[in-house]
Structure formats: structure tokens, C-alpha cells
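Peer 1: what's the 3D shape of this:
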Amino acid sequence: MQDAVRRQARTRTFAEAEDIISTVLSDPAVQEARERVEAEAGLGMELRARLQPFQDRYDQAVAEGATRPGSRRSVRASTAAEGGSASCPTGTNPGWRSRTGATTARASRSRG
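Peer 2: Presented below is the predicted three-dimensional model:
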């Protein structure tokens, strides 16, 4: 008898919870927030893909011990030697200057 009462109470509780969840999720403000979160998650995935080469380069520098104080030049020099550039990391600002002061080739061409 007690098991039947517990099952009925559990079934009723789950049904009430489903109704409440449905009500909350159908609210227009909740739907708008969900859309924003999904859009931002997509942008985050795109940004991660674009910035992954920089993370990889950082991880490699850490693994090689190149992050010791005063060793930043060696990391930059190795990057330049490997064909790296001082361009804007996102590629959206052709006039961007790196910490070394170099402008991108794109910006140099556009100036003249």
C-alpha cells in the first residue's frame, strides 16, 4: 500500500514539475535568452577556432620554457623565423600594430 502511495505521489510530482518547466520554457523572455545564449555559443566556437593557433603557440612556448622573464624576444624571433606575422589576431584590423611596432603587410600595401 505504501509503495502505491509513493508511486502516485512521485507521478504527481513529476507531472507538476513538467507543467512548471513547460510554462517557464514557453515564456517569450526565456526563449529570447535561449536564442542569445545559442548565438553567443556559436560565436564562441568560431572565436576559439580562430584563436587556436595562438593557444597552440603559447602551449609550445610554455612546454619549451620560453616564458621565463626576459625570454619574450626569443618567442617572437622564433615566430618570425617560422613565418609568423605581426598581423591582427582576428584579421579584422589591417592597421593593428604588434608589440614590436610592426604593421601588417596589408596595411602597408593599402597606404601606398
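Peer 1: Which parts of this protein are helices?
Peer 2: Assigned by DSSP state H, the chain shows helices spanning 2-25, 28-64, 72-81, 105-111.
Peer 1: Mind pulling up the pLDDT for Glu64?
Peer 2: In this model, Glu64 is scored at 87, pLDDT.
Peer 1: So what's the residue count around it?
Peer 2: Neighbour count for Glu64, taken as other C-beta atoms under 10 Å: 12. (Glycine included, C-beta is placed from N, CA and C.)
Peer 1: quick revisit: lowest mean pLDDT across the helices of the chain, which one is that?
Peer 2: helix 105-111 (a mean of 46).
Peer 1: Glu46 and Ala39: what is the separation?
Peer 2: 11 Å (C-beta to C-beta, to the nearest Å).
Peer 1: got it, and Gln55?
Peer 2: Counting by C-beta to C-beta, the gap from Gln55 to Ala39 is 23 Å.
Peer 1: Also Arg10?
Peer 2: Taken as C-beta to C-beta, the span from Arg10 to Ala39 is 38 Å.
Peer 1: cool, and Leu25?
Peer 2: Leu25 is 18 Å from Ala39, by C-beta to C-beta.
Peer 1: Please apply the same query to Glu16.
Peer 2: 32 Å.
Peer 1: before we move on, what about Asp19?
Peer 2: The value you get for Asp19 to Ala39, if C-beta to C-beta is used, is 29 Å.
Peer 1: and if you look at Pro28?
Peer 2: 16 Å.
Peer 1: Comparing these two, which residue is more hemmed in?
Peer 2: Using other C-beta under 10 Å, the more surrounded residue of Pro28 and Ala39 is Ala39, with 10 against 7.
Peer 1: how about the more buried one, what does it touch?
Peer 2: Ala39 makes contact with no residue under the criterion C-beta atoms under 8 Å, 6 or more residues apart in numbering.
Peer 1: Give me the neighbour count for Phe14.
Peer 2: Phe14 is flanked by 10 other residues according to other C-beta under 10 Å.
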